[in-house]
Every structure is written in C-alpha cells, then in structure tokens.
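> Got a predicted model here, sequence first, then my questions.
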Amino acid sequence: MMPTTRAASTPSRSATRNAESTDDPVCPVVSNLQLQIRVYLSRTFQVNRTNSVRFPPGRNRLFCFLHMATLRQASSLTLSSLVLFSQLSFAQSQPPAAQAPAERVRPDPKRARKAAEQGEKAEAAGHLEDALAAYEEAAHYAPKEIAFAERAAGLRSKLVRSYADEAERDAIAGRLEQATEDLAAALAIDPSNPDVMERLRQIKSMADETEPKAVSEIPDLPRLRPQAGKRNLDLRGDTRTVYEQLAGIFGLRVSFDPDLIIRNVRLNLNDVDFTNAVTVLAAETETFWRPVNATLMFVAADTPEKHREYDLEAEQTFPLSSAVSAEEATEVLRILREITGSLHMNLDPRSHSMTMRATPQRLALASALLQQIERARGELMLEIELLEVDRSAATKLGIEPPTSARLIMLPTNLINQLRQANDLSALETLLAGIFGGAATGGSTSISSLIPPLVAVGGGKSTFLLTLPAAAADFSEALSLVQSGRQVLLRAQDGKPATFFVGERFPVTLSLLSGSLGSPTFTPNPGGASNPFPSTSYPAGTGPVALVTADFLNNGFLDLAVVNEIDNSVTVLLNQNGNQGTFSQATGSPITLGTPRSAAPATLPGIASATFTGSGCHDLVASDPLANAVNVLLSNCDGTFQKPVSIRVGFNPTAITTGDFNGDGHQDFAVANEGDDSISIFLGDGTGKFTAATNSPFVFARQLMISTTTLPDGVLNAAYTAALRSTGGTGAITWTLATGTLPAGLTLNPTTGAITGTPTAAGTSPITVKATDSASPPNSVTTALSISINTTPSAFAISTAGLPNGSVGTPYHQILTVSGGTVPLTWGLSSGALPAGLSLNAKTGEITGAPVATTAGTSFTFTVAVTDSSTAPLTAQKQFTLTPFTASERGPVAMVTNDFNSDGNEDLAIVNQTTNNVAILLGHGDGAFSEATGSPISSGNGPVAIAAGDLNRDAKPDLAVVNQTDDAVSIFLNNGDASFAPGPAPLLQTGASPTGVAIADFNQDGLPDMAVTNGGANTFRVFVGLSGGLFSQAFEPPAGPTGSTPTAIVADTFAAGGFPDVAITNNVSGAAGDVTVVLSPASLFSSGVAPGVAQQPYPASEYIDLGLKIKATPTLHPDGEVTLQLEFEIRALSGTSVNGIPILSNRTLSQTVRVKENEPTLINGMADREETRSIAGLPGFAPIPGLGYAFGSRSRSSEDSELLIVVTPRRLRLADHLTRTIYAGRGEPAGGFAPGPRGTPAPTLPQPPQPQPQPPLQQPPLQQQPQPQPQPQPQPERPQP
C-alpha cells in the first residue's frame, strides 16, 4: 500500500479575490457612555455545592441601560455576578495571531498579587497602559483570581473608549490622519475589537478619497510621431489619395486594407494639427486607423469585422480608491462592461484594482469613467443625542402613558392651506376637517379644536399623533431624564457610519477547552475568539495552497506551501511531534521559476505522493502561467531536487495524486481552468511521467441542435440544407423523430445534410433528432419545417437559420438576402432578441453575448428588411433562438476517491464557471469517463471541495465550498457515484469561504468540518451530529490581523491524537504565513515539563453589550437627508450552555427623511426590567419553606425609554463635474485611434522547451507615394 497524504483543495483566483478586504482593519464610534448589565429572572436560580450557578428552564431577560456603573461582583450572589464570575477563569482577549502560543507557567499567587498592586498604583497615577500590563500579568499568574482579569478587561475597555472618542473629535475637526492613528492605537490595545476595526475602515475611506491620479501611458504600444505644428488643408480625391496626402504633409506613410471601399472625399480644414485632421477624415470616410510604427499608419473600414481583425488590444490595471467599497466596485465593473462593451474585465479585491483587456480607446474611456465615479462624496456631521427617560418616575408624577392614539396624516397641500388661511373662520374650518368636526366642549376656540398631539416626521411626510390629556408639575419632570449623551459622528453620503454605546464585556470560555478534550463536545455558537494555541510561520509572497506529508520519514507530519507571486514552494519541517512546532527546511523556499509582479489570474495547486521507490514523499505543483506542472523529487532529508517541468493544458490549477492505472506507481491529475480539461499523467516509479492515452480529458458540452430554421425550396430545383449540432460526445447520428421530408428530399444520417430535388409544393413540418456516441447516448430533438414554393421569391431573406448561441459567449451572425437594391435597412417587425444581443440596422449583423437569464428560453422574432428601390421592397422571416449554458466549465478544485467502490480511483472536480461538480470514474487503466448524473449542481461560486464519509455509511461523500453564497453544500453518495443533497444541504459559513477540510476534531467517531473564511480571517468548525447533519461549533481567527486565509488541511501535528489544522494566509503586498492551530488535547501531552500545573487553556471572548447604531445618510439637493438606521441591542441571557452564557439580540431597521440642521426624534425604545436576588446559605435558600429561615429575597422593577434625537449638519458638498468623452463612432471601440493608451498584455513565462508564438497580425503593406506639396489655404470651411 502506497503512503498517502492529504492536500488542501485549491480555490480559484476569484476565491482569493472575493475573500480579501480592500483596506486595513477599521472601527465605529465608541462613546463614553457606561452601562450596567442586569439579569432579570422570572424564576429563582439555584446554588449547588460548588457555589456555581444552575439555571432552571424558563424565560430570562437582560437589558442594558445608559450611564450606570460597570457590573461588579456582588456579595449577595445576585444572578449577574454569578453568571459572569463563577469558577470560570478569565483571560485577556487573544494575543495577536502572529505571536507564539501562550506560555504555560506555574500559578504564582505571590507574583500575581505584586503585579496587581503595581497596577493599582499605576492606575491611580493615571498611567493606564502600564496598569493594564500589570493587571494582565497578574491574571496570567493567577488564572483563578477573577478580580485580576476583571480589572484588566475594564481598563482595556476604558482605554479603547478614550482613543475612540478622541478619534471622533479629530474626525469632526477634519484631522482624519490623526483619527486614524487614534483608532490604530485602540486596536493595538484590543486587536479583535470589531467596532474599532469597522470605524477605522470608514475613517480611512474618508481620508483616502482624493482626486484620482491619471493613469500613466505605457510606451510599449506603437505610436505615431507626426511632425508637429498646424496646417491649412484642402485635399481632394478618393479615400486612399486623401489619406496619403495628409500623411505625407505630416511626414508619415500609410497602408490600406485591400478590402477598403474607395469613395471621393474633400478635406478642407484650417489651422489644424494631425490629430484633429485625421479625426475628421476618419469620420468622413467611415474608416479607422491604427499605428504600425512611429511613421506608418494602417487604414481600414470602420466595421466590427475589421476592428476584430486589426484592432490593437492592451491590458491595463486601474487602482481603485479605498473609498470604493467591494459592493460598489462590483457595480462599477458592471457599468463599465455595459458602457464599453468589453467582456475581458476582472476585479481583484486583494489589490483593490480592476484589470481590463480591450482596445486602447476602450481603455481610455474606462479610465475617464473611473475618474468620474471616484470623485469625492459629500459629507455631513450627525449630531446624535441619547436620552434615557424614567417612565416609572413619570407615572409617579401623574403622567399616565397613553392608552390610545390616533395618527393623522397632513399632506403638503393641506399644510400650505393652513399657512395661507387669511382669517379665523377659514382656519377653524380647516382644523375641524383635520380633527373631525366640532371643537371639544362645544367651544369654537382654536385651542379647543386642537387636541393634545405630537408631530412626527417632517419634510414631505408629516403626521400628527393625538394623545389623551395629561397634566404634571414640569418643574419636577426634569428628573425624568436619567441620563443623556451627545455623540458627534462624521459620515459620507451613501456610506455607513457606526457608533457603539456600551461596554465590551468578557465572557469566559475556560469550560470550552476542557470539554474539547473529552468525548462530550461543547459548542460555542457565534464564538469569535481563539481558545486554542496557534503559531504563524513565515511563507513566501502569496501562499495559496498547501499539503501535509512526512518529508523526513520520522513519523511527524510536515507542510509544503506553494506561493503564487514568489513562484516558489516553502517547506516547513515538524521539529517536535509532541508540541507541533515547525521551521523552514534547508534550501526553502524552492524557486520554481521567475517571480511575478502580481498574482496570476489562476491559482496554482500542490500535492504530494511517493513517485519513486525511495519511499520518500515528493511534490508536484502547478504553474498556471507556464501551462506546466513542476515535479520535485525528495532527497529524503527535507530537501528536494531541481524542479522538472511538464507541459499540461492551459492555466493548470488544482492537482491531485493517485494510482490511476493500477500499476502500483503514483500518478497525478491536474485541472486546466483555461481550456476546461483534465490532464492525466502516469508515473513509472522512477519520477518520470507520460500522458495517458485519453489525456487531456475534455468535458463534453451539452448536446444541442444549433439549426433553428431551414431554407425554403423551389419546385423542381436542386435543394441543399444542413443540420448542425454543438456539444455531445463522439459522432452524431441524425434521424427524423416525426414527420416526413418533402417528396424528393432525403436526410443523410451521418452528415445531417438534406438534399435532393423537390417534386411537390407545400410545407412539411418535421422533428429532427440528434444522438451522440456517449454511453449511454444523449439525444435531443427540435421542430423544423421546409416550405417548397412554385416560383422563386424576387426579394427575400436567404439566411436559412441562426445558431442558438451560448450564454456568456460572443455571438456574431450576418443576415443575407437575395435580390433587392442596396443599401438595406434591417429591423424587427415582431418579437425580441435575447437579452445581450442586438441587430445592426445597416449591416444586418446580430452581435453581442446572451446573458445568463436567457438560458433555456426560446425567443421567436421576425426580421424585416427593406431595400432602396424606387418602390421599396420588404421581406420578412421568422427565427427562433434558444441560448444554452455550457454544462461544465472552469475547473478550479479537485479531489480523489473511489466513489463507486470498484477499486479504481475516481475524480470529483469543481467547475466554478458553471456552478457544478463533475464526477469522472476511473477505468483502472488511466482512462476516465463521466458518471451517470454528472455534473451535480452546487451553489454559486464553488471554489473548494473535500471528500469523506459524512454520514458513516462507508461511502465517500462530498463537501463543496460556495464562495458567492457563503455556504458549504453537502452531497451524500448513493454508492454508485451518484449523489443526493444531505438532510441539511447548506451550511452557512463566514464571509467569502475559501477552503474546507474534513476530520474528527472531537474524536466522537463522527466526521467534522473546518472551513476557512477569507473575508473574515477566521475558520469555522462544524461538528458532525449523525446522518450527514452538522452544527456550528466555534470560529477562531485563522491568522494575524490583515490576513486572508486561502486553504486549509487537517491532520495530527502534535501529540494527543486530536486533529490540528494548518492554514495558509495571504497578506496583500507582503509575505504570507502558515498558521498552525493545535487542538486543546495537544496541551496535555507528555512533553510538558514535570511540576507544571495542568490547567485548561484559559480563554475569554469579548462581546459588545449595549446599543449599536449604523447610520447611512443620503444627501438631497433640497436641504434634506434620508437616514437609513439600523439599531442593535445585545445582552446576556440568563441561560447558559455548560456555563457559557447565551447572547440575546434585538434589531430594528428604520428609514426616515429629515431636514438639515433640525433635530428630529426618530425612535424610542421602551424597556421593562425586573430584578430578583437571593441571599442566604448555599443549598438552603432555594428550598421551599426552609428558604425563608435561611435567606432573604428581594424584587424590584423599573420602566425606562431610550429616546434618540438626530440633527444632520452638512460639512461638504459632493463634487460635480460634467464632461463629454469622445469614444469614437459606432461601437465603443470608435472609428479613430489617436495614440492608444494602456498596459500591453503581459507575456506568459515560457516552459523549458518553448514553442514559437505567432506574431501579432500586421496589416498588409503597400508601396507608398511621395508626399504631395502642401496646398494653399482656402477660406472654405469643412463640410459636414
């Protein structure tokens, strides 16, 4: 049996791109407002023998209130103190992931007390950061002393709030760089604070929004160098002559397309340079030109065919402003595609840039449009006042809450009528109409007509809320406001701004790590901190895939990582199998070729197996730019021989190994994303490989009949037509499913040709059937008809039919006619073309690319054409198009297993473009065929795959990561390589998942899963339940701050028997790393020094408890602002799971339109609290009857309401600039090219044995005439 290894599935380029954030981490506003956390029970709690808390079933509530003291440990054993400060050990929030795991030390109470005393002195002296360090040291040496951890957590929160408040003051004052530094200082104290990170991102977006810089020209494209100066021109002749005369005047030569149509033209211009002159000439002659070199230009007709034949193309990367969010960047990409018509555009979230391949004119247009889009936004200041009103005190003062209310809408016209009332009678009539009849008490006074009311809204929507009468002593009512807080927040038009009022409170997770070491697993839903030791090891630039194997043959698993930008492999050797520590091998990193300046469009992959008889693990890595794979044979000491390159398909990405032909030697398969194929190479046991007989395996396209109509025939005249198909496997056989051909015609079953001489007139409907040579064969039918006319038509559309076309693939067909007089005018008399296609009224061309929404839908339309005869003739013909979607395109990830239990290795391949998974069954001889039922539809944007027995039926199942959906699809194997969705087929992941690994992390006999989330820098663990069901357990960080996890493997790297994980982390613009996260069981290994106390790994999670508001303003020119508001209140519930409290969340969304500089009450939140506390002897107080003798109970309640008042104040108007951009005539490519701009397409690195590349197609050169003498200037102006 050959040694096996586990390799990480390699995500596609879009996987890594969509997974990465565009800027540095950031943060929202944190105010100085303090909170008190209270827990209110409807039932009593019980105290057990260990004085920990046990909660009986029942509904428990907790609310956060403003401007109250921080929660403290209560001697009366109130519920809040017992929930948060029982025997759970506090620890500071996780250290930066780049550091080594926390050192295990002996508890030292004496040293802890000394550190705590130093912290108290430093805090009293105002040296808060020194005090925090001392408290953290005290908590480190006394993990059971909760008071030390509590002081550290409280001081950390206080320091973060002070920096965050200072940042807001700087932002309001316009000191955005200083505000950024303040928030960075806050993050240095609390690196995992999500609010600070979010607000930092928003502040950086404001600071970085500057005038976009012009993209510099790249001198690699040919450019004309005409003589400088202006001339007076009066040139006459045909197109060629005038171009030659103009070129000669400016010291240039000109060559022409042989198909150029000649026409007479006159060019009469005064005081013009070459650029303006040739622009006018191109427009007049309906031509375009392009430079060949500095003195030679080429001219051709301005038609789409000639543009496709002769246009230059370049590739250019446009950096996007950090003010442009990921969602906005996607919308910008869509807009540019629609305006420029270019399909070769790509968005890279990591570098926050957009790359486009098109003509220089389209690139210049895209550059100008981007500068328009990125212009600065308007800004405003939100003045937010928070008031907590004591409703209980209001009731004591005699202010009864309303028991009923009436809402009355005041339209704008009625408000104007009230303002314009010119006498008392008119006003009384209007008020009576509003409030419903006569005044109260029979009086007709104005005061009696208006009941007690509150105005709500403003601007275009005003409401009156009538309330019952109330009376109170308002001198005492001032005490109703318990607390108040004003927050000033700077926000951009259309951009969200957030602030948080409350505390980041620690919730201990010590019980979590202990439970992981036992068969009983304790989940932590929504957890974000890391209770596991993790270490990050340096890798190259752009680590995107990794594999684990024993490269030293010492029984310890090592790691190998492929780096896409360095174009290298980093080898990390396991130094201690007990502790799981790694260091780079000698000679690492191993260079595979020339380093790249930027990441390639396709990700490389890596795999490991024993390719020789040495028994040592070798490596094989794909190189997508060289269209090759590199084989690295092991020296059995952690070093490797020089890479040997093997040519494969186009853009190779994922790679996997296995014995595909049953000869006992390891082979490999690589997925080629560029040509939708799989290359199979068979090993001979010496490290050499040959391509299998059927390699590469090309996915069969879906069988479709592309013929949509057949031409009409003429009685007793020869007739010829052909049936066409696309896709399918092997030869196609044509038959008639229904109907008969007209008399005299026959169908060739091999070629699909319909030929003969019709002997009878009339229309014959038929249904044709196409069958391929697959096993089992695929077949498809379509309905057609043939009409035989007695005489030929004088003017008719002669195009027999149109191909259906493929979604997303460029489409080009030209309609033709017989008879008539040119020019012709084309149009649609009925129906519509599929979205994405258009008909040219002058040429009769149908061009474009069908969009995804048209797939499988039939579009029937009638084309009408009119000629230019004296009495114009019109012909019509009906066509039907049904665009289809290619079934399997864009392979990006792959896994090997025996899916049908026949003893042969099979393949499961993720196709990202078509959102499905293909199953290829191995025949045992190196050949493969697609399984019945393949492909399997997955979610949107699949990027990674893993195989394992997920439901314990001894059949390998599949887990597929869908990046667009932020989910994992579960497919259960039926045993014959067909798959069905699991009982819960979708598992929600974090943002932009990139990789997946399957292992039994808690050793309960059920498979679990770990998924990396590139957009959140975390990995989420799902624990297996049974039958293919999973439950989310926890979500620790995947790497250092700013990292983007790209791939993951799971295996045992340290002693203890529990699987660990290794994750590759990409860092934009810097070297990446590999983070190894050890399971808690590894902490109890035999490698720990004797005498060290064995404590569960201490950890705590810091949760935002309080009120968080996100405000997104939209400025209007009429002095009004629309605010989209989202409120979130987070609190601790009175229930727990294994002692870990559960969070309760309340959310509310609201959109209002308010006036600038006017305060508006936009929301009120009413809360009712109830407090129950028990004091007494443990074990006796809760006992009915006896409890009253040994304890005391108290109960209190309070009603309050939180009022939010917002006043928007404008700080800056948005920049507005109107420009006219000339992009040429006709197509966006234009009819004139005065100096292309852009970056030339990068040259692909060549393999060791390069093949000659065809040169760029050059236009035909002709003998050039000598320049003509310059004509005398004429007063005549150019004609239109």
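Alright, I've got the coordinates. Numbers count the residues shown, from 1 in each chain.

> What are the contacting residues of stretch 737-751?
Stretch 737-751 is contacted by residues 713, 719, 722-723, 731, 733-736, 753-760, 762, 764-769, 781, 786, 788 when judged by CB atoms under 8 Å, 6 or more residues apart in numbering. (C-beta placed from N, C-alpha, C; glycine too.)

> Drop anything exposed from those.
713, 719, 723, 734, 754, 756, 758, 764, 766, 768, 786, 788 (16 or more other CB atoms under 10 Å).

> circling back: which ones among the contacts of stretch 737-751 lie within strands?
713, 719, 722, 733-736, 753-756, 762, 764-769, 781, 786, 788 (DSSP state E).

> Can you tell me which helices and strands the strand or helix carrying Lys110 packs against?
Lys110 belongs to helix 109-124 when assigned by DSSP states H and E. Counting contacts by 3 or more CB pairs under 8 Å, 6 or more residues apart in numbering; DSSP states H and E, helix 109-124 packs against helix 128-141, helix 146-172.

> where does the stretch 751-900 of the chain dip in pLDDT?
775, 808-809, 885-887 (pLDDT under 70).

> make it 90
Residue ranges of the stretch 751-900 of the chain with pLDDT under 90: 751, 772-780, 782-824, 842-845, 847-858, 868-873, 877-891.

> Please enumerate the strands of it.
Taking DSSP state E, counting those that start in this stretch, the strands of the stretch 751-900 of the chain run over residues 753-756, 762-771, 779-789, 796-797, 811-814, 817-818, 825-831, 837-839, 845-848, 859-866, 874-881, 891-897.

> Neighbouring strands - and their directions - for the fourth one?
What it means is strand 796-797. strand 817-818 (antiparallel) (DSSP bridges).

> For the strand it pairs with, which outside residues touch it?
793, 795-798, 824, 844, 865, 867, 875.

> Just the buried residues out of those residues, in ChimeraX syntax.
The ChimeraX command for the buried members of the contacts of strand 817-818 (criterion: 16+ other CB under 10 Å) is given here:
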select :795,796,797,824,844,865,867,875
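
> Not counting sequence-adjacent ones, nearest residue to Asn574?
Residue nearest to Asn574 in three dimensions, not counting chain neighbours: Phe556, with 3.9 Å by CB to CB, 6 or more residues apart in numbering.

> which phi and psi does the one you found have?
With angles defined as degrees, to the nearest 10, Phe556 sits at phi -110, psi 140.

> now Leu176
Dihedral angles (degrees, to the nearest 10) for Leu176: phi -70, psi -30.

> Based on its surroundings, how many neighbours for it?
19 (other CB atoms under 10 Å).

> And the strands in the stretch 951-1100 of the chain?
957-962, 967-973, 979-988, 993-999, 1008-1013, 1018-1024, 1030-1034, 1044-1051, 1060-1067, 1070-1077, 1100-1115.

> Next, the angle from the second one to strand 1018-1024.
Strand 967-973 and strand 1018-1024 are oriented at 30 degrees to each other (axes from the mean of the first three to the mean of the last three CA atoms, to 10 degrees).

> what does the shortest one give?
Here the directions of strand 1030-1034 and strand 1018-1024 differ by 140 degrees (the same axes, to 10 degrees).

> Identify the residue nearest Ser830 in space, chain neighbours excluded?
Using CB to CB, 6+ apart, the closest residue to Ser830 is Thr862 (4.5 Å).

> ok, how many other residues are close to the one you found?
13.

> Equivalent analysis for Ile249, please.
21.

> Roughly how far does it sit from Gly856?
58 Å (CB to CB, to the nearest Å).

> Next: Asp170.
In terms of CB to CB, Asp170 sits 57 Å off from Gly856.

> Which of these two has more residues huddled nearby?
Asp170 (20 against 10).

> show me the contacts for that one.
Contacts of Asp170 (CB under 8 Å, 6+ apart): 176, 178-179, 182.

> which of the strands of the stretch 751-900 of the chain sits most buried?
Per residue and on average, the most neighbours among those fall to strand 891-897, with a mean of 27 (mean count of other CB atoms under 10 Å).

> on contacts alone, who are the packing partners of that one?
Using 3+ CB pairs under 8 Å, 6+ apart: strand 891-897 touches strand 652-658, strand 667-672, strand 677-683, strand 906-911, strand 942-948.

> Could you dump those strands into JSON lines and include distance to Thr498 and mean pLDDT?
Below are those laid out as JSON lines (distance: least, CB to CB, whole Å; pLDDT from 0 to 100):
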{"stretch": "strand 652-658", "distance to Thr498": "39", "mean pLDDT": "94"}
{"stretch": "strand 667-672", "distance to Thr498": "42", "mean pLDDT": "93"}
{"stretch": "strand 677-683", "distance to Thr498": "47", "mean pLDDT": "91"}
{"stretch": "strand 906-911", "distance to Thr498": "36", "mean pLDDT": "92"}
{"stretch": "strand 942-948", "distance to Thr498": "30", "mean pLDDT": "94"}
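
> For Ser806, which of those strands is the nearest?
Closest to Ser806 of the helices and strands packed on strand 891-897, according to CB to CB: strand 906-911, at 14.7 Å.

> After that closest one, which helix or strand is next?
Following strand 906-911 in sequence, per DSSP H and E, is strand 916-922.

> Kindly export that next one (C-alpha atoms) in PDB.
C-alpha atoms of strand 916-922 as PDB (Å, rounded to 0.1, in the frame of the first residue of the first chain):
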ATOM      1  CA  ASN A 916     -21.400  22.300 -10.600                       C
ATOM      2  CA  VAL A 917     -19.300  19.300  -9.700                       C
ATOM      3  CA  ALA A 918     -18.200  16.700 -12.300                       C
ATOM      4  CA  ILE A 919     -17.600  13.100 -11.400                       C
ATOM      5  CA  LEU A 920     -15.100  11.200 -13.500                       C
ATOM      6  CA  LEU A 921     -15.000   7.400 -13.000                       C
ATOM      7  CA  GLY A 922     -11.600   5.700 -13.400                       C
END
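
> pLDDT on that strand, on average?
Here strand 916-922 scores 90 as its mean pLDDT.

> can you pull the buried residues of it?
So for strand 916-922, counting by 16+ other CB under 10 Å, buried means 916-922.

> Show me which of those is closest to Gly1042.
Val917 (32.7 Å).

> How about that closest one: what's its closest non-neighbour residue?
Per CB to CB, 6+ apart, closest to Val917 is Ile936, 4.6 Å.

> count of neighbours near that neighbour?
Quick note: Ile936 (other CB under 10 Å) scores 20 neighbours.

> Help me confirm that it comes into contact with Leu972.
No - judged on CB atoms under 8 Å, Ile936 makes no contact with Leu972 at a distance of 11.1 Å.

> Between those two, which contacts overlap?
With CB under 8 Å, 6+ apart, Ile936 and Leu972 have common neighbours Phe979.
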